[in-house]
Every structure is written in C-alpha cells, then in structure tokens.
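Student: just a sequence and a predicted model for now, questions to come.
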Amino acid sequence: MCGIVGYTGKAKASPFLMEGLKRLEYRGYDSAGIALSDKGIEIHRAKGKIDNLRQKLPRELKQTCGIGHTRWATHGKPSEANAHPHRSQDGKVALIHNGIIENYASLRTELIELGFEMKSETDTEVLAHLIQKCYKGDLEAAVREVLGLVTGAYGIAVMHENEPGRIVAAKMGSPLIIGLGTGENYLASDRTALMGHTQNVVILEDGEMAVIDPDEVRFSTIEAEALDPQVTELKDEVERIEKGEFPHFMLKEIFEQPRTISDSFAGRLLSEEGTAHLGGLDNVIDRLMECDRIILTACGTSWHAALVGEYMLEEYLRIPVEVEYASEFRYRNPVVDENTAVIAISQSGETADTLAAMKEAKRKGALVLGICNRVGSAIARESHGGVYIHAGPEIGVASTKAFTSQLVVLTLLTIKLARIRSMGFSEGKNLVDELRGLPDKVEQVLKGAKEIERISQMLAPHHNALYLGRGLAFPVALEGALKLKEISYIHAEGYPAAEMKHGPIALIDENMPVIVIAPSDDNYEKVISNLQEVRARSGKTIVIATQADTKLQELADEVIQIPHSHPILSPILSSIPLQLISYYVAVARGCDVDQPRNLAKSVTVE
Ligand code: F6R
C-alpha cells in the first residue's frame, strides 16, 4: 500500500526520492508525487505509474530536502488531485500520509466553515490545513497539536516553507523508519527504499515523532517526551531487490526458492537430536508447552500457510488447532485465554488486520507469537516470541517464496513441539533429514518450468478454473486458485476435492479447466475418483502428482510430476508448479505480473 520516502542533506533530494518511490512500487499504488523544499515548496504529482511522474518533473531540481509518496486509493479515486503530497491553503505546508484519518469528515466540515477550500476528496488534506491553522513558527509543535485532534492510523511526513531542510514525521499504526546518515538523513515507510543508502535505522513506534534535519534527528513521543533512539542495523540486501536476469520479480522469487527454503532452516536443524532449534521461542517455550489450544491467524496467502500448519500441528501435537482470518478474529470476541497460543503469520509483518488480531489476543491474556519475514516489523515487535522465515525481501505482489518459507517454519515448529511432547527421535530425525533434502527437490521441480509453461497455455483463454485437493493438498488448492486470480484475473476457486460433488460439479464442462493436486498419500485413490468425476463431465484436467502412472496418464489431460517427499513437505513441492502456472498464464494474458491491478503488497489498512 501507500509508500513514503524523505531526504534532507547536502545532495539533491529528487534522485533519492524517485529511486525510493520506484523501489516501493511493489507495494501497490495508483498515483505518486514529490514535494521539494528550498526557498519555497514545489510539488509534482501524477496519476498512474512513477514514470508518469518522472516525465512531469523539470530537468533541474536542486532542492536538498523533500518528501515523496505513492498512493493506494482509499478515500477518493486515483487522480492527480487526490495524489500526495497535499498542500495547505496558504501553500506553505506539504504533507504525505499513509493510513486513514477516521474523524476526517467532521474535521473537514469544521475547516470548510472556517473558510478552508478542499482541493481533494482525501482524508489526508485536512491534516495539511490543520497544521497551517496551528502553526505559530514551530512545525514540530503544530504537528503535535494536530495529532491530538485526529483519530485513526497514520505515518506522516511534513515540511513547512519557513523551516527549510526540516521534515517532521510521526507514526501511529503505519510503519515509518528513519535512516541515519552523515550530514544527511532519510525517511521511509519500508526499509527497501533505504537499502544502499544507510544501514543505521531507527524504527518509529506508535505514538512517536522525529524531527529530521541534515545533521541531527530528534526523537520524542507525540506528547513531547524526549526519547533515546534505538539504532538497529539494516542488512544490505540490495541485490535481493533487483530483478537480475529475470523479466519479473515473481519469476525471480519462484526460482529463488531452493535458496530461500534452505535459508529458512539454516542453523535450525539438529540432526543428532532429531529436532529443530528455534531461538526466538526460547523465552516462551515453557508457556507454549502448557497451552492447550493453538490459534493460527493470518490473511490471504499466509492464511493458506496457516491451514497447512493446522494439519501438521494437530496431527503431531494432538491438541486442538484452529485457523482464523485475522480480520474476523478481532471482531467476533473469540474464546481465548492464557492457555491459548495465538500464532500470527505474515510475510510483511505489517498487515493491519493481523496486527489488530494479535493485540486482541494479547488483551485476552493469550501467548502471542509471530511467524514473519520482515525483521523488526510491527508484527515481530508485537509478539512475545516468534520465528523469522528469512526468505529475504519479497517484491512481487503475489507471495511465492514467503509462502514456502512459512511452510518450512511451520514444519520446524511442528518438529520442535512434537519432539518435546510425543514424537520419537527417529521420526524427528527423518523429518529433519527430509527438510535438508528439500531444496534439491525444489530445484528438480523448477527444471520442469518450460514444460509447465507449455501446459499453462491451456488455461490462458479461460475465464474460470477450479483447483481441487484433499488433506494437506486442500490449502495448496486454495493457494493455487488465489495466485491465478490475483495476477491473471481469471476467476478461480479452490475446493476440497470431495466437496466438488456437493455443488461445484455443476460448473464442470469442457470450458472448466480443473487443476487437481494429487500427491501419493493416503488420499490418492480418493482424489483419483474425483478426477474421474471431472473427466466424465468433459472437464479439462491438469494433475500435480508424485507418480505419473498409466492410470493417471489416461485420466488427465496433463500431468506435472513432483518428487516424492514426506507427506507434510508435499505442499511445498506441489505449490511450486501452481506458482509457475499462474505466472505463465498471466504473462500469456499480458497482465502486469508484479503489480496486479488494485492489489497492494502490504495491506496496512483494515
Ligand atoms: C497473495 C498475497 C496476500 C498476502 C496477504 C497477507 O499473494 O500476497 O494475500 O498474503 O495480504 O499479507 P502478509 O503475509 O504480509 O500479512
């Protein structure tokens, strides 16, 4: 969703701002803009891609202080007028904002009554006018006063014409990171924008502000209490945010999976003890083992990972495990107590609904853990303990490598907890060894990419598709369907294979391609029966299977073979052909793979 960047120093600000906005493109946006301050404030904005903005910029931009924004529309359609930065009525304040100002309607009415003229339909514009109204020669004080008037979520950055070289930033709900340099300082909503510029960052917490000048940054709470900043080091991962030889980030990330999967278990497999080491759980393990119930909560793809986790944890721990959409969990007064462990799963670590669900679970006394990718993200900080998936920055909007790494970490968690409870050494060791061998098997699946590309062409002309699986393959079917619809805009549904005959079978004819996930496990024969039901109704079928026997070859239009593995690892292997299918179908349909329409990488609004 919306992105924020800012720079103040001795160099020209616009190159950093434009590069930073480009790096934040992956978050999803529909307009962009920058404001530069020097003797006055200059604003440039454009609807659509960053390149539209670039084309509108004058050749010579000498200002050494500025802020930039990519907007994902919430209040008001995507347009230049609604794009940020917004300006105050007197033109002296420029402001960018991520989040939602919940009481903006009443503030807007009050401002209009006072004679302010609104130029946009956004909730953000009121903040710029309010800062003008409260400004008495001190931008920091004016921002503080205005934040006392608003409710909602925000990450803001503000400049005032009378205070050149200064940016005032504040955070409540939406992420903001301050990058510290020498004689120059930075601001961003996402560390991706800072990589290669500085490694020293301060992550603002809710209710905190920063006054950023070229030689100094002062931190305080919104209530004006001075703060000592906690500086953390940003690992430089610039090469991981470049596409390299790949045409799209999504394809690059799919092909990275042998490495990202092994990064997820690196240093965590204890072969000699047949278990896993998860240091982030050391402080909470005793309490976790006392819990009599686990709730996994997440959104989207991470929710599908949670469903796989539910099967694994329940099977091996023999305690009730439930999976909840974070957005539903927080609003329905769930039954949670101090004997419940709530585990939030999130790639970005920023998803507003997941964060709110964690807060609700904490309020009710639960042990709250996080499985996330982004180190130091809001979700990581909200957890009592947790495990990073170490998949590296995921730039393609459609989640791929983060999903498989989430499954690896859920497997590690299952092994660790089950070994404390009832799993024997040899079973634990077998799983540990299987995990170690997984990257090579993933490599084997990827070697079939050309063939998968050919098979995918069969789906490209269709408007609908059905994905079927049983047991652990059911969440994989859901994930396959989500991937296809997100990036190729084909309507796709995932179903438990046996449920098909309770309704969806009515849809099956020669125009309904059906993708069946049929690894060789206890459900195999049953899934083959479901395949026959599809075949009998002329449905076109693509089957992901571990064995391509003659029976299957006769029944299926196409078979994609994956290597044999332990059943709990087969979701990882079977999801890779599905990722490739979505990718190739989207490319064949001419879709914008890395930035599909209307989608955002980090969903920071509820
Ligand atoms: C789908 C996708 C989304 C996210 C969801 C949760 O490809 O990426 O469905 O999985 O928005 O995001 P995180 O995992 O960042 O909490």
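Tutor: Sure, I can see it.

Student: what residues does the stretch 401-550 of the chain put near the ligand?
Tutor: Taking CB under 6 Å from any ligand atom as the contact definition, the stretch 401-550 of the chain meets the ligand at Leu482, Glu486. C-beta here means a position set from N, CA and C on the backbone, and glycine is covered the same way.

Student: which parts of the stretch 401-550 of the chain are strands?
Tutor: Secondary structure of the stretch 401-550 of the chain (DSSP state E, counting those that start in this stretch): strands at 464-469, 491-496, 513-518, 540-545.

Student: outline the domain layout of this structure.
Tutor: The record assigns the chain these domain ranges, following automatic domain parsing: 3-236, 243-436, 447-606.

Student: need these in CSV (columns: mean neighbour count and mean pLDDT).
Tutor: Compiled in CSV, those are given as follows (neighbours: other CB atoms under 10 Å; pLDDT from 0 to 100):
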stretch, mean neighbour count, mean pLDDT
domain 3-236, 20, 93
domain 243-436, 21, 94
domain 447-606, 20, 92
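
Student: tell me the contacts of Gly385?
Tutor: Gly280, Leu281, Asp282, Asn283, Val284, Leu288, Leu369, Gly370 (CB atoms under 8 Å, 6 or more residues apart in numbering).

Student: show me what it is bridged to.
Tutor: Counting by DSSP bridges, Gly385 forms beta bridges with Leu369.

Student: so Pro175 sits against Glu350, correct?
Tutor: Yes. Using CB atoms under 8 Å, Pro175 is in contact with Glu350, at 5.6 Å.

Student: need the residues touching each of those two.
Tutor: Joint contacts of Pro175 and Glu350 (CB under 8 Å, 6+ apart) are Ser377, Ala378, Thr604.

Student: from Ala506, how far out is the last one?
Tutor: What it means is Thr604. 39 Å (CB to CB, to the nearest Å).

Student: for the closest residue to the ligand within the stretch 101-250 of the chain, which non-adjacent residue is closest in space?
Tutor: Proximity of the stretch 101-250 of the chain to the ligand (CB to the nearest ligand atom) peaks at Met250, 9.5 Å away. Excluding its sequence neighbours, the residue lying closest to Met250 (CB to CB, 6 or more residues apart in numbering) is Gly396, at 3.5 Å.

Student: and the longest helix along the chain, what does it pack onto?
Tutor: Counting by DSSP state H, the longest helix found in the chain is helix 425-447. Applying 3 or more CB pairs under 8 Å, 6 or more residues apart in numbering; DSSP states H and E, we find helix 425-447 packed against helix 257-265, strand 269-270, strand 275-276, helix 401-421, helix 570-588.

Student: so how far is the longest one off the chain centroid?
Tutor: Computed by CA atoms, centre = their mean, to the nearest Å, the chain-centroid distance of helix 401-421 equals 20 Å.

Student: would you put the C-alpha positions of it in CSV?
Tutor: Extracted in CSV, the C-alpha atoms of helix 401-421 (Å, rounded to 0.1, in the frame of the first residue of the first chain):
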residue,chain,number,x,y,z
LYS,A,401,8.9,-17.7,-1.7
ALA,A,402,7.4,-16.3,1.5
PHE,A,403,4.7,-19.0,1.4
THR,A,404,7.1,-21.9,1.0
SER,A,405,9.3,-20.5,3.8
GLN,A,406,6.3,-20.1,6.0
LEU,A,407,5.6,-23.8,5.5
VAL,A,408,9.2,-24.7,6.3
VAL,A,409,9.0,-22.7,9.6
LEU,A,410,5.6,-24.3,10.4
THR,A,411,7.3,-27.7,9.9
LEU,A,412,10.2,-26.7,12.1
LEU,A,413,7.7,-25.6,14.8
THR,A,414,5.8,-28.9,14.5
ILE,A,415,9.0,-30.9,14.8
LYS,A,416,10.2,-28.9,17.8
LEU,A,417,6.9,-29.0,19.8
ALA,A,418,6.1,-32.6,18.8
ARG,A,419,9.6,-33.8,19.9
ILE,A,420,9.0,-32.2,23.3
ARG,A,421,5.6,-33.9,23.5
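
Student: what packs against that helix?
Tutor: helix 257-265, strand 275-276, helix 285-290, helix 300-317, strand 367-372, strand 385-388, helix 425-447, helix 570-588.

Student: again, only this time at 6 Å
Tutor: On a contact count with 3 or more CB pairs under 6 Å, 6 or more residues apart in numbering; DSSP states H and E, helix 401-421 meets helix 257-265, strand 275-276, helix 300-317, helix 425-447, helix 570-588.
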